[in-house]
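> Let's see this in three dimensions:
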Amino acid sequence: MPIAISKGNRRLYIPSYQIHNVLKVYSRQVSQSRIIERQKELSAKTSADKIDISAEGKRKMIVDKVAADIVDRITQFGPRDPIEQDIVNQLQNELGKPVDSDEENEQDQNFVFNIIDDENKKTTNSMSMEGTHFITKRLEQLAKEEIDRNMEK
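Take a look at the predicted model:
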């Protein structure tokens with residue numbers, strides 16, 4: 001059934017199928033705008049997640065680099081500052097014995113270290129490089145934990 005619209009002396013007749021088509025197009029545009037809004041909201045949320053992940057990745061990379069530098073300094077020169085000394089102290093507490101790297105006695109395939117007992121007697125020991133893997137890894141973990149704590153402060 002057509003709709004009649006009066007304009008001045010004239011009457012315009014609009015067929016119902018044209019009204020139906022206009023409503024269908026309008027409905028489609030409204031639906032598409034809702035979909036676009038949802039996509040914008042989702043992309044905003046995911047981009048914020050990417051930023052968080054990226055920032056956490058950068059933080060981890062910094063912690064790993066600084067920890068590796070600290071472990072290198074400790075193994076080459078011994079602990080030189082309070083943070084390095086704290087890390088070595090934690091490792092010594094875990095091992096139950098003080099450990100002192102002795103560079104003069106190092107051999108190519110062995111890790112040479114000194115143990116100072118309760119009577120302050122120094123005993124020199126060596127360990128194959130495979131055995132030092134545990135100590136080096138643990139030293140690295142302790143360094144990372146210490147750096148992570150300091151970054152939060």
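> ok, for residue 85, nearest residue in space, not its chain neighbours?
With C-beta to C-beta, 6 or more residues apart in numbering as the criterion, residue 85 has its nearest non-adjacent residue at 4.2 Å, and that residue is residue 79. Quick note: C-beta positions are derived from backbone N, CA and C, even for glycine.
> residues touching that neighbour, list them.
Going by C-beta atoms under 8 Å, 6 or more residues apart in numbering, residue 79 touches 85, 87-88.
> How much space separates it from residue 117?
20 Å (C-beta to C-beta, to the nearest Å).
> my guess is the residue nearest to residue 85 is in a helix, correct?
No. With DSSP: H, G, I helix; E, B strand; the rest coil as the criterion, residue 79 is coil rather than part of a helix.
> From residue 5, how far off is it?
91 Å.
> do residue 96 as well
For residue 96, the distance to residue 5 - C-beta to C-beta - is 97 Å.
> cool, and residue 151?
72 Å.
> What's the first helix or strand after the least confident helix or strand in the chain by mean pLDDT?
None of the helices or strands of the chain scores lower by mean pLDDT, DSSP states H and E than strand 99-101, at a mean of 61. Next along the chain after strand 99-101, taking DSSP states H and E as the criterion, comes strand 110-116.
> and that next one, average pLDDT?
For strand 110-116, the mean pLDDT works out to 72.
> Show the low-confidence segments of the protein, by residue range.
Counting by pLDDT under 70, the chain has low-confidence residues at 1, 45-53, 99-111, 127-133, 153.
> Tell me where it has strands.
3-7, 10-14, 99-101, 110-116, 122-128 (DSSP state E).
> doesn't residue 2 make contact with residue 12?
No. Taking contacts as C-beta atoms under 8 Å, residue 12 lies outside contact range of residue 2: 9.4 Å.
> Return every residue with contacts to both of those two.
With C-beta under 8 Å, 6+ apart applied, the contact sets of residue 12 and residue 2 do not overlap.
> Let me see the contact set for residue 90.
Neighbours of residue 90 in contact, by C-beta under 8 Å, 6+ apart: 142, 146.
> Quickly note the distance from it to residue 77.
The spacing between residue 90 and residue 77, counted by C-beta to C-beta, is 18 Å.
> Sounds good, over and out.
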